[in-house]
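1. here's my sequence, what's the structure:
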Amino acid sequence: MSAVLIIDDEESVLVSLRFALEDDYTVHTAKSSEEALEILRSEPVSAALLDLRLGNEDGLAVLGELRAVDPELPVIIITAYGSIASAVEAMRRGAFSYLTKPLNLEELKLALRRAVEHAGLNRRVRELTAALTADTLQWGIAAGSRAMQPVLALIERAKDIDATVLITGESGTGKELVARALHFAGRRAKGPWEVINCAAIPTTLLEGELFGYAAGAFTGATRSHTGRFAAAHGGTLFLDEVGELEPSVQAKLLRVLEDKLVRPLGAEKSQRVDVRVVAATSRDLKKEVEAGRFRADLYFRLNVVSIHLPPLRERREDIPLLVRHFLARISERLGAPSLKLTPEALAALEAYSFPGNVRELENALERAAVLASGSTITLADLPPEIRVAAGAGTGTRGTRCSNKPFR
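-> All right, here's what the predicted structure looks like:
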């Protein structure tokens, strides 16, 4: 049970607040700053309620003393002498929120619940920051979750062999990043790295792009063109969205994989190529084979080593690590100061399902970085769908929640 500290010089107030809150919290009470500081130094406290007029003491000064002991302690100011000036000053000095007597019990409980949640988020951010070490960023892949360990293990085993690899997973899960790791961490790292998106090039042009063509092979072919297989000789060819290939191209790709020979369009002779092929798809190729849309023999040729990337919703514990990685990259790209994220914004990201996976997370952070008024990204800077998923609605820009940002 979370503990709260109530600081008020009126015994009746302490008694009534203890009675109202003790079912939900461990309640500590103090009539002076001296008593309050003693409790704060000896007991774990998640939030404090502080009377602005504390006998002969200045509540704002006491606020400073409390925050000197625990800078992250959310302090709710309560007073019968409420004014705009005192509220502004209290918030400027770090108060979490500001309420006036006579207290509305429901408003008090709501403010206290938010303060305790905020304290928990700050604590979690500290734990995450301490846990995020360079060891969790391997081959440029931010992966500390249990769900990603089989992926890292397969990369380690497959990076130095020449077997074809088929990477599967939803769009935006980072399939090209895994393909890059297989190439640049392996024995072919000094060789060429060629990428072709099979879904982005019309079938009429794709064959020539893959295998090349000789001058005069077709109308407009005024000079010969080196295909990606020949260009990747000694290195790796990454075939992205291989499931989109038309049957005619599938047949020619199969022949190259079997014979290691490429014949450019219009050429009389074939040329031998030494290429490691890594393919990726967001389709279920087994179902495509069953439906007759993808060749079974080509599927088996590609699927010698299979690496499946889980969606981001199945590796949520990686979100803080990905956030830190992306914020550093976005800061460098924008030429901006080091970007930070409030605990509430981080919690919203962790609560969202991310149908667009890691790519959607990066895009959301880049958008937020552009919209943020400074170097700290708040909940209000995130896309509406993320705020709604977190139960935040849209009216959150005034929330004070950035005393300990995540970076």
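2. count the neighbours of the closest residue to residue 149 other than its chain neighbours for me.
-> Nearest residue to residue 149 in three dimensions, chain neighbours excluded: residue 143, at 7.7 Å (C-beta to C-beta, 6 or more residues apart in numbering). Placement of C-beta: from N, CA and C, glycine included. Neighbour count for residue 143, taken as other C-beta atoms under 10 Å: 25.
3. against residue 272, how distant is residue 143?
-> Using C-beta to C-beta, to the nearest Å, we find residue 143 at a distance of 37 Å from residue 272.
4. related to what we said a few turns ago, for the residue nearest to residue 149, which residues are in contact?
-> By C-beta atoms under 8 Å, 6 or more residues apart in numbering, the contact list for residue 143 reads 136, 149, 151, 152, 315, 318, 321.
5. how about 10 Å then?
-> Residue 143 is in contact with 136-137, 149, 151-152, 155, 174, 177-178, 309-310, 315, 317-318, 321-322, counting by C-beta atoms under 10 Å, 6 or more residues apart in numbering.
6. what's the closest of the residues you listed to residue 185?
-> Of all these, residue 155 has the smallest distance to residue 185: 7.1 Å, by C-beta to C-beta.
7. domains of the chain: list them as residue ranges, please.
-> 3-131, 139-310, 315-389 (automatic domain parsing).
8. dump those domains to CSV, plus mean pLDDT.
-> Output for the domains of the chain, formatted as CSV (pLDDT from 0 to 100):
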stretch, mean pLDDT
domain 3-131, 86
domain 139-310, 93
domain 315-389, 92
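9. now residue 20, nearest residue through space, not along the chain?
-> residue 105 (5.9 Å).
10. swap in residue 29?
-> Going by C-beta to C-beta, 6+ apart, residue 29 has residue 14 as its nearest residue, at 4.5 Å.
11. three-state assignment of that neighbour?
-> Recorded secondary structure, residue 14: helix (DSSP: H, G, I helix; E, B strand; the rest coil).
12. pretty sure it contacts residue 22?
-> No - assessed by C-beta atoms under 10 Å, residue 14 is found out of contact with residue 22, at 11.6 Å.
13. the more surrounded of those two?
-> Between residue 14 and residue 22, residue 14 has the larger neighbour count (other C-beta under 10 Å), namely 19 against 12.
14. residue 98 versus the more buried one, what's the distance?
-> For residue 14, the distance to residue 98 - C-beta to C-beta - is 20 Å.
15. now residue 340
-> Counting by C-beta to C-beta - residue 340 and residue 98 are separated by 25 Å.
16. also residue 213?
-> Note on residue 213: its distance to residue 98, by C-beta to C-beta, is 73 Å.
17. now residue 115
-> 12 Å.
18. which residues do the two both contact?
-> 75, 76.
19. contact partners for residue 1?
-> With C-beta under 10 Å, 6+ apart, residue 1 has these contacts: 22, 23, 24, 25, 26, 27, 46.
20. one more time with 7 Å, if that's ok
-> Counting by C-beta atoms under 7 Å, 6 or more residues apart in numbering, residue 1 touches 25, 26.
21. same thing with residue 185?
-> Contacts of residue 185 (C-beta under 7 Å, 6+ apart): 139, 159.
22. if we use 10 Å, what do you get?
-> Counting by C-beta under 10 Å, 6+ apart, residue 185 touches 138, 139, 140, 155, 156, 158, 159, 160.
23. quick one: residues contacting the closest residue to residue 40 other than its chain neighbours.
-> In space, not counting the residues next to it along the chain, residue 40 is nearest to residue 69; the distance is 5.1 Å by C-beta to C-beta, 6+ apart. Residues near residue 69 by C-beta under 10 Å, 6+ apart: 36, 37, 40, 41, 45.
24. filter those down to the buried ones.
-> Among these, those classed as buried by neighbour count (16 or more other C-beta atoms under 10 Å) are 36, 37, 40, 45.
25. can you give me the helices in the stretch 201-350 of the chain?
-> 203-211, 228-231, 247-259, 285-290, 296-302, 319-334, 343-351 (DSSP state H, counting those that start in this stretch).
26. among those, which is the most enclosed?
-> helix 343-351 (a mean of 23; mean count of other C-beta atoms under 10 Å).
27. want to throw the helices of the stretch 201-350 of the chain into a markdown table with distance to residue 110?
-> Formatted as a markdown table, these follow (distance: least, C-beta to C-beta, whole Å):
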| stretch | distance to residue 110 |
| --- | --- |
| helix 203-211 | 59 |
| helix 228-231 | 60 |
| helix 247-259 | 61 |
| helix 285-290 | 50 |
| helix 296-302 | 56 |
| helix 319-334 | 27 |
| helix 343-351 | 15 |
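28. still on that earlier bit, need the phi and psi values for the residue nearest to residue 20.
-> Per-residue torsions, residue 105: phi -60, psi -40 (degrees, to the nearest 10).
29. A strand includes residue 23, no?
-> No - with three-state DSSP as the criterion, residue 23 is coil rather than part of a strand.
30. residues touching it, list them.
-> Taking C-beta under 10 Å, 6+ apart as the criterion, residue 23 is in contact with residue 1.
31. distance of it from residue 114?
-> Relative to residue 114, residue 23 is positioned 18 Å away (C-beta to C-beta).
32. over to residue 270?
-> 70 Å.
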